[in-house]
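**Q** Build the 3D model from these lines:
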Amino acid sequence: MNQTTNAISVNVATQLKEDYLSYSLAVILGRAIPCLYDGLRPATRRVLQTMIEQGLTPDKPFVKCARICGMTTAWYHTHGSPYGSLIDMAVEWKNNVPWVWGHGNLGSTVDKEASERYVEAKLRPAAIDILLQNRETWETRDNYDASRQEAIRFNSVLPTVLLNGVEGIGVGLATRVAPHNLRSIVEATKLANKPKSSLADLKKAKDLLIPDFPTGCDVVHDAALDDYKQTGSGSIRCTAKVERGIQKRDGRAKDRDTFTFTHLPPYTNPEKIGQQIKDALEKGKFEGVAEVVDESDLSGDRVVVIAKPGINAASLEQHLYAFTDLDSRFSAKTLVIDGTKPVELSPIELCQKWFAWRMDRLEEQFRYEQDQKMARLEIVMGFLKAIDKLDAVIKVIRAAKTPKEAVIELVSNRTLKFTADQARAILEMKLRQLTNLDTNELVAENAELDERLAELKVLIESRDARTNFCFKQMDDVAKRHGEVRRSRLIDAPTSPAKPHVVGEKRTAVSQKPRLLKVDLKLGIIEQTKTVKGSLPLERSEKLVVVGENGMFKKLPSSHKGGVFAEPTKLVLAKREADIAERKFLVVFSLNDALKSFVLSGADLCKTTSSGKRFIPEGAELIHFGESAYTVKFSSTRKKSVVLDLSGKPGKPGGAGTKVAAMADLAGH
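**A** Numbers count the residues shown, from 1 in each chain. Below you'll find the model as predicted:
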């Protein structure tokens, strides 16, 4: 039996564009970019909603993170475990005001956190006060299977997107919002949105919105920071704080200067700083460091650099900042989701847009409360009427055959005239409760409801009243959860900034050259004080060495000891500058064949202290040098010939050009 199908013709290019656009929007709006209004990405919002719905408030016990993540995935988040987002909200080195209180191994700037089954968590008071209030008026939508209502955004009481900072990468878009101080955010928002803001108020607000990093690093006031305040994008220069000291030593040993670095720039840790110092020493960018000690503990990261005796401490401190991330830049870009579209805003524009949204949300919140209070007032008034006419109410209820009939009678009775809601509320109460109702309490509640409804009427109708309410709410939050700035604002330090120009050279701490003694036979490099027979090398220069084992390396002038892991003869040991423009002939045997190629000095210089192989694996080096290699031999199958192995250009590790079979060279 033949079956027919309805085929639809589509343009493949158009279909791909539409599908890719849908995918891009899903990633940008649903995963990567934070919301302007509550400052959260969907994953973190879903975790917080799950925690408040499970009752994990600050006064309750901790629960396993595995439970939180499992319930979040089951209810809202189908993209995998949100454990990373949960931990990010708990660690103090990433947040000015953490939302989650973690219990267990949360990791560090170097180490990962423990598995979710070993760590516990619950909400912090700040999350309740700032984000999770007024759950009844959250903007919601159906979750992925329409079984629950998922929050689109929380009713944040301040522009939290600026508070802790957030970064994300979408399809073609990326954001990196810098963290700010809570008190500064509150003051700036009030200045920028008060009923009659002047230009002076706006300028002061902009000056308040300077990033404040959780690590407490210093922020440098420069042109890039001014650009950030105006546009929301810029390169913010951050520097670690340093404390100079002296390490006392016993006997004849000289005392040594110490540099204790704390409050490191964001995304920097002691392990990274230590490796950068080691690399800089190997490359000869500076010298004078005897030891680097990581003294980090629960109080924070702490790196101690111990200098060698006799070193200019001030100059060394400058170079430690210049060639490591102790002085680094935070590339900020304030890109957020405004409704359903990504927008790039300055910090002050963000505060103004948030405030306009907050005014609308407060109106909705007050209207909802007004409806609730009016409904309760109706019930209270019904109770008061029922007490006043209790005998008549009981008579009507006793005469009714069904609850529905009782409601109808209570509503239609000319003497009672209850509303339907009042009648249902009276019927739902037990007789004992109805007879024992305290009239005084009901009268007091009635007065309170009338007073609150009058307040709500003003708040709904007056934007100025809502503005004052919003400002007071922010002040209360700042008083409870705000702290002084961690990051000081400083002028540009006198130490040199990290070089941004490729090839830029800096003056070393000491310009005295090193004298090297190279033993080619043993493959050992020693430091010597004897000029005769030594190889002088400037502190910033490199030594290129080539071994018989087919490896080559570029070593700093400070290198001591063997070149390779095993004793290997060296066939070349010269300054990088001396070989860069030269060419070298390489002759080797591989798989019963004699091969050769010409290796440029520039290629030899493209290596590191880890080394590279310049002939194929398993090959045996026969000749390495600048002169042509000529062999005269008598072949077992041919007449005597002169073989010129001048070679063709090649690359390190290349197979080379076959010249002859090794069997033909037997005896030569």
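**Q** Report the buried residues of stretch 535-547.
**A** Of all the residues in stretch 535-547, those buried under the rule 16 or more other C-beta atoms under 10 Å are 535, 537, 539, 540, 541, 542, 543, 544, 545, 546, 547. Backbone N, C-alpha and C define where each C-beta goes, glycine included.
**Q** Could I get the contacting residues of residue 6?
**A** For residue 6, no contacting residues are found, by C-beta atoms under 8 Å, 6 or more residues apart in numbering.
**Q** where in the protein is pLDDT low?
**A** 1-5, 15-31, 170-172, 431-437, 493-512, 628-646, 665-668 (pLDDT under 70).
**Q** From the recorded domain assignment, give the ranges for this protein.
**A** Segmentation of the chain into domains, based on automatic domain parsing, reads 12-177, 241-325, 355-481, 514-665.
**Q** Could you list which of the buried residues of stretch 535-547 belong to helices?
**A** Among the buried residues of stretch 535-547, DSSP state H puts none in helices.
**Q** So the residue lying closest to residue 241 once chain neighbours are set aside versus residue 216, what's the distance?
**A** Once flanking residues are discounted, residue 241 sits nearest to residue 263: 4.5 Å by C-beta to C-beta, 6 or more residues apart in numbering. Residue 263 sits 4 Å away from residue 216, going by C-beta to C-beta, to the nearest Å.
**Q** between these two, which one's more packed in?
**A** residue 263 (21 against 17; other C-beta atoms under 10 Å).
**Q** which residues does that one contact?
**A** By C-beta under 8 Å, 6+ apart, the contact list for residue 263 reads 215, 216, 217, 218, 240, 241, 300, 486.
**Q** now do the same end-to-end measure for stretch 202-220.
**A** Length of stretch 202-220, first residue to last, C-alpha to C-alpha, to the nearest Å: 22 Å.
**Q** quick one: buried residues of that stretch?
**A** Quick answer for stretch 202-220 (16+ other C-beta under 10 Å): 205-206, 208-220.
**Q** Equivalent analysis for stretch 254-261, please.
**A** Applying a neighbour-count criterion of 16+ other C-beta under 10 Å, one finds 256, 257, 258, 259, 260, 261 buried in stretch 254-261.
**Q** now those residues as CSV including distance to residue 513 and secondary structure?
**A** Conversion of the buried residues of stretch 254-261 to CSV gives the following (distance: C-beta to C-beta, whole Å; DSSP: H, G, I helix; E, B strand; the rest coil):
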residue, distance to residue 513, secondary structure
256, 24, strand
257, 24, strand
258, 28, strand
259, 26, strand
260, 32, strand
261, 30, strand
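**Q** Mind picking the two most distant members of these?
**A** Across the buried residues of stretch 254-261, the longest distance by C-beta to C-beta is 16.0 Å; it joins 256 and 261.
**Q** ok, residue 185 to residue 157 distance?
**A** 11 Å.
**Q** What segments of the stretch 251-400 of the chain are strands?
**A** 256-262, 289-294, 302-307, 327-333, 335-338, 341-344 (DSSP state E, counting those that start in this stretch).
**Q** Surely residue 657 is in contact with residue 596?
**A** Yes - judged on C-beta atoms under 8 Å, residue 657 makes contact with residue 596 at a distance of 6.1 Å.
**Q** Output the strands of the stretch 251-400 of the chain as CSV; include the columns distance to residue 662.
**A** CSV is the format used below for these (distance: least, C-beta to C-beta, whole Å):
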stretch, distance to residue 662
strand 256-262, 59
strand 289-294, 51
strand 302-307, 55
strand 327-333, 56
strand 335-338, 64
strand 341-344, 66
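**Q** Which among the ones you listed is found nearest to residue 410?
**A** strand 335-338 (51.6 Å).
**Q** Which strands or helices does that closest one pack on?
**A** Here strand 335-338 touches strand 174-177, strand 341-344, going by 3 or more C-beta pairs under 8 Å, 6 or more residues apart in numbering; DSSP states H and E.
**Q** okay, the ones you listed, which one's buried deepest?
**A** Of the helices and strands packed on strand 335-338, the one with the most neighbours on average (mean count of other C-beta atoms under 10 Å) is strand 174-177, at a mean of 20.
**Q** Contacts for it next, please.
**A** So strand 174-177 is in contact with 32-34, 161-162, 165-168, 330-336, going by C-beta under 8 Å, 6+ apart.
**Q** Go through those and name the one nearest residue 73.
**A** Nearest to residue 73 among these: residue 32, at 18.7 Å, using C-beta to C-beta.
**Q** hang on, the closest one packs against residue 79?
**A** No - look at residue 32 against residue 79 with C-beta under 8 Å: they stay out of range, at 11.3 Å.
**Q** How about the contacts made by residue 472?
**A** Counting by C-beta under 8 Å, 6+ apart, residue 472 has no contacts.
**Q** how much space between it and residue 364?
**A** From residue 472 to residue 364 the distance is 19 Å (C-beta to C-beta).
**Q** can you check residue 109 too?
**A** Residue 109 is 42 Å from residue 364, by C-beta to C-beta.
**Q** Between these two, which is the more surrounded one?
**A** residue 109 (19 against 14).
**Q** what are the phi and psi values for that one?
**A** Dihedral angles of residue 109 (phi, psi; degrees, to the nearest 10) stand at phi -70, psi -10.
**Q** do you know how far it is from residue 294?
**A** Separation of residue 109 from residue 294 (C-beta to C-beta) stands at 11 Å.
**Q** any residues in contact with both of the two?
**A** With C-beta under 8 Å, 6+ apart as the test, residue 109 and residue 294 both reach residue 270.
**Q** now do the same end-to-end measure for stretch 427-438.
**A** 18 Å.
**Q** Over to residue 445. Which of the three states is it?
**A** helix (DSSP: H, G, I helix; E, B strand; the rest coil).
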